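S.K.: coords please:
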Amino acid sequence: MLKVEYVRDGLIEESHSGVWVLAKPVNGFSPDNTHTTPYFLRSCAKPLQATLLIENKINLTPEELAFCSASHAGEDCHIKVATKLLKKFKLKEEMLKCGIHAPLSKGMQNRMIVRGDVPTVLHNNCSGKHIGFLALCDKNDWDMETYEEPTHPLQVLVKEQIYNLCGIKQDYPMTTDGCGVPIVSMPLKNLAEGYVRLLEYPQLLRSIKMNPYIFGGEGRTDTEIISKTENLIAKVGAGGLCAVLNVKECNAFVVKINDASTEARRFALYELINRLGWGEIKYDNRLKTIAGKVVGQIQVSV
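M.R.: Down below sits the predicted model:
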């Protein structure tokens, strides 16, 4: 079990529970890898899905490949890459089925208000994945109008690829992700093992490591982890999920915060990375008043 507690002057004011699994026990850590509850992978699936772009020899620069694997913050740099990809593959914005939402970046939201801009489908954090999906359809002569349907050859292939990478031998529940495409579920141990198998795709891992901001952006925890460590690739997902791959140790772990708190997830991730010896991420876990007086701390127990 995993617990993140906000302790103010000796009293637990806030508590977040969760689970974490490690593909291979290390440094005295052996979490409960018998935990078999399935969880939807949400955006943690994106790097797994992106392996199909490599296998199908889709022509992408490292920056473009990172973008197609990303949950980006919708900043100007991301829109620039998206626009370039649309032109490269002769696609139009209206072909993307991910929907329109405001950028995840608060800074970008403010800049758009000042400029009088309105969000487009390209600001959707999943637009890169959807452009990659359409590129795969084009390469394989598949229908582009229905690429989001579970029975479409693309989505059948995506499910098969994820199951193979994660060692899944039985069917688990599926749902429609927030961006409108099918998403699978599985025990977290399998997701961790799937991330270890990403080592078979060094081109993908290099692209992400070279472009951590394109892969996420302002305030994104995975961007921070990739930027602050030498050997780690991280990918967050909705519902309090995050997977972390250590390319040097050939190992990975996955965190799930039950109430989906992104702040509790961030503290849990940093603490686990430090305790495992996978990096040394300095973070401030002190609780302070507005004036700066320290009145407590955030504690992580694993």
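S.K.: for Ser185, helix, strand, or coil?
M.R.: What DSSP: H, G, I helix; E, B strand; the rest coil gives for Ser185 is strand.
S.K.: For it, give me its contacts.
M.R.: Applying CB atoms under 8 Å, 6 or more residues apart in numbering to Ser185 gives the contacts Pro38, Tyr39, Phe40, Leu41, Tyr172, Pro173, Met174, Thr175. (Glycine included, C-beta is placed from N, CA and C.)
S.K.: Now, of these, which are buried?
M.R.: Among the contacts of Ser185, those classed as buried by 16 or more other CB atoms under 10 Å are Tyr39, Phe40, Leu41.
S.K.: just to revisit the earlier point, let me have the contacts of Ser185 in JSON lines, adding distance to Trp278 and secondary structure as columns.
M.R.: Listed next are the contacts of Ser185 as JSON lines, based on distance: CB to CB, whole Å; DSSP: H, G, I helix; E, B strand; the rest coil:
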{"residue": "Pro38", "distance to Trp278": "26", "secondary structure": "strand"}
{"residue": "Tyr39", "distance to Trp278": "22", "secondary structure": "strand"}
{"residue": "Phe40", "distance to Trp278": "26", "secondary structure": "strand"}
{"residue": "Leu41", "distance to Trp278": "22", "secondary structure": "coil"}
{"residue": "Tyr172", "distance to Trp278": "28", "secondary structure": "coil"}
{"residue": "Pro173", "distance to Trp278": "31", "secondary structure": "coil"}
{"residue": "Met174", "distance to Trp278": "32", "secondary structure": "strand"}
{"residue": "Thr175", "distance to Trp278": "31", "secondary structure": "strand"}
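S.K.: List just the nearest of these to Pro150.
M.R.: Met174 (7.0 Å; CB to CB).
S.K.: The longest strand seen in the chain - contacts with which helices or strands?
M.R.: Scanning the chain for the strand with the most residues, using DSSP state E, yields strand 11-22. Of the remaining helices and strands, those touching strand 11-22 by 3 or more CB pairs under 8 Å, 6 or more residues apart in numbering; DSSP states H and E are strand 2-8, helix 188-196, strand 251-257, helix 262-276.
S.K.: now for those, which one comes closest to Gly219?
M.R.: helix 262-276 (9.4 Å).
S.K.: any chance of the helices and strands packed on strand 11-22 in a markdown table, plus distance to Leu136 and mean neighbour count?
M.R.: Formatted as a markdown table, the helices and strands packed on strand 11-22 follow (distance: least, CB to CB, whole Å; neighbours: other CB atoms under 10 Å):
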| stretch | distance to Leu136 | mean neighbour count |
| --- | --- | --- |
| strand 2-8 | 36 | 18 |
| helix 188-196 | 19 | 24 |
| strand 251-257 | 25 | 25 |
| helix 262-276 | 30 | 20 |
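S.K.: Redo the ones you listed as TSV? Include mean pLDDT and distance to Arg111.
M.R.: What follows is the helices and strands packed on strand 11-22, written out as TSV (pLDDT from 0 to 100; distance: least, CB to CB, whole Å):
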stretch	mean pLDDT	distance to Arg111
strand 2-8	97	32
helix 188-196	97	34
strand 251-257	97	30
helix 262-276	96	22
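S.K.: which stretches of the stretch 1-150 of the chain have low pLDDT?
M.R.: Applying pLDDT under 70 to the stretch 1-150 of the chain flags residues 28-30, 32-34.
S.K.: what ranges do the helices span in it?
M.R.: 46-55, 62-68, 76-88, 106-115, 127-140 (DSSP state H, counting those that start in this stretch).
S.K.: list the buried ones in the helix or strand sitting right after the last one along the chain?
M.R.: What that stands for is helix 127-140. Once helix 127-140 ends, the next helix or strand along the chain (criterion: DSSP states H and E) is helix 153-166. By neighbour count on 16+ other CB under 10 Å, the buried set for helix 153-166 is Pro153, Leu154, Gln155, Leu157, Val158, Lys159, Gln161, Ile162, Tyr163, Leu165, Cys166.
S.K.: Report the separation between the residue nearest to the first one when sequence neighbours are not counted and Pro212.
M.R.: In space, Pro153 comes closest to Trp142 once its chain neighbours are excluded; the distance is 5.2 Å by CB to CB, 6 or more residues apart in numbering. Per CB to CB, to the nearest Å, Trp142 is found 32 Å from Pro212.
S.K.: Show me which of those two is the more surrounded one.
M.R.: Applying other CB atoms under 10 Å to Trp142 and Pro212 shows that Pro212 carries more neighbours, namely 21 against 16.
S.K.: quick one: the more buried one and Glu218, what's the gap?
M.R.: Pro212 is 12 Å from Glu218, by CB to CB.
S.K.: next one: Thr175
M.R.: In terms of CB to CB, Thr175 sits 29 Å off from Glu218.
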